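Enquirer: Need coordinates for the following:
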Amino acid sequence: MGIRTLARELSLSIGTVSRALNGRPDVNEVTRARVKAAAIAAGYEPNQSGRSLRKGCTGMVAALLPTSVIGPTLDSIFGRVFEGVRRTLYRENVDLMVMFRGPDEDPLTNLQRVVSRRIADAIILTQTRPLDPRIDCLDAMGMRFVAFGRTSDSTAHPWVDFDFEAAASSAAQVFANGGHRRVALVTNALDLNYNDILRRVFRAEAERLGVAAVVLEARDYRLTEESRDALDDADNAPTAFLIGNEGMAAGLYGALAAVGRPVGRGSAVICALPALSPAALVPALSSFDSDLDAVGCALGRHLLAILPGVEPRRAPPATAMPGRLVLRGSEAAGALVRA
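Expert: Predicted structure coming up:
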């Protein structure tokens, strides 16, 4: 059934039926309920393609994610953040879709293909790099976007991120106050801006506190061979570790146990990102926790400020969402040998 037939059977104008189905405030509640009930009973579905052409928008936002995040990262942080985005957009009749990029796809080529199809009114970028060519690409193609993360020029685009500066600085202070004199940052091998922030701030704060700091690398959530070798150096091995994300924690716990300095009994660990399953490890993982739903809502508000087809509103400022250090036990080294 089309909207014309539906309007004729209800003895209403097409405009009234359309406004009722779209939740417009200029239709009274009785008429709106009557129209929606009749539409459901008749199995009416609006022609989304036609509506999109008329409005000049699709009513869709696409979040681009690499398949490498499927697993602990997607189930925790991305899943909860995107639920906040989805709910915020849904209030304005805008839908969120998640599109995955495989390991065999170039990020820039993937983005160009998605944007060229014009299936969404805006894009959510993830895994931002310090110098990210996708930013210029989106600007050149005239596509609206918000980044979940930053580039090295945080004034160049709208973004929402975690406060990695505060996490790195606070962790270094906790370790120094705990008597550690050799500390390490464990990050993945990806060229991501948040890794750069953690390295820069953690090293600077450790130096200020008179603590020696090194950077160790992990691939596929496990320490590289070179990083594991650094743990074997009994005289110079770090005793406290700031880890980039929860997914790498199990690998680090195992590596430290293998060299006889398990977490809680010789080694201390803090996670820079929220931990959603901290008790899965023993001792439980201490972490900088954030309100992930609020992060998603902030992204959603940024999107609503730039989307066509919704009521215009002021764009919020770019935001580094605060985190709260929750100490669960892994930050205490127990039998720490102090140099």
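Enquirer: Output the below-cut-off pLDDT ranges for the stretch 51-200 of the chain.
Expert: Counting by pLDDT under 70, the stretch 51-200 of the chain shows low-confidence ranges at 51-56, 69-75.
Enquirer: can we see that at 80?
Expert: 51-56, 68-76 (pLDDT under 80).
Enquirer: again, but for the stretch 201-339 of the chain
Expert: 234, 334-339.
Enquirer: quick one: the strands in it?
Expert: Here the stretch 201-339 of the chain has its strands, by DSSP state E, counting those that start in this stretch, at 212-219, 222-223, 240-243, 268-271, 286-289, 319-321, 324-326.
Enquirer: what's the closest of these to Pro262?
Expert: With C-beta to C-beta as the criterion, Pro262 lies closest to strand 268-271 of the strands of the stretch 201-339 of the chain, at 10.2 Å. Just so you know, the C-beta spots here come from the backbone N, C-alpha and C atoms, and that holds for glycine as well.
Enquirer: which residues sit against the closest one?
Expert: Contact with strand 268-271 is made by 171, 174-175, 178, 180, 239-246, 249, 252-253, 256, 263, 285-288, 325, 330-333, 336, as judged by C-beta atoms under 8 Å, 6 or more residues apart in numbering.
Enquirer: what about 7 Å?
Expert: 171, 174-175, 178, 180, 239-243, 245-246, 249, 252, 263, 285-287, 330-333 (C-beta atoms under 7 Å, 6 or more residues apart in numbering).
Enquirer: Can you give the strand pairings for it, parallel or anti for each?
Expert: Here strand 268-271 is paired, per DSSP bridges, with strand 240-243 (parallel), strand 286-289 (parallel).
Enquirer: Can you add mean neighbour count and distance to His157 and give those back as TSV?
Expert: What follows is the strands paired with strand 268-271, written out as TSV (neighbours: other C-beta atoms under 10 Å; distance: least, C-beta to C-beta, whole Å):
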stretch	mean neighbour count	distance to His157
strand 240-243	27	27
strand 286-289	23	24
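Enquirer: Export those strands as TSV, with columns for distance to Gly210.
Expert: Listed next are the strands paired with strand 268-271 as TSV, based on distance: least, C-beta to C-beta, whole Å:
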stretch	distance to Gly210
strand 240-243	14
strand 286-289	23
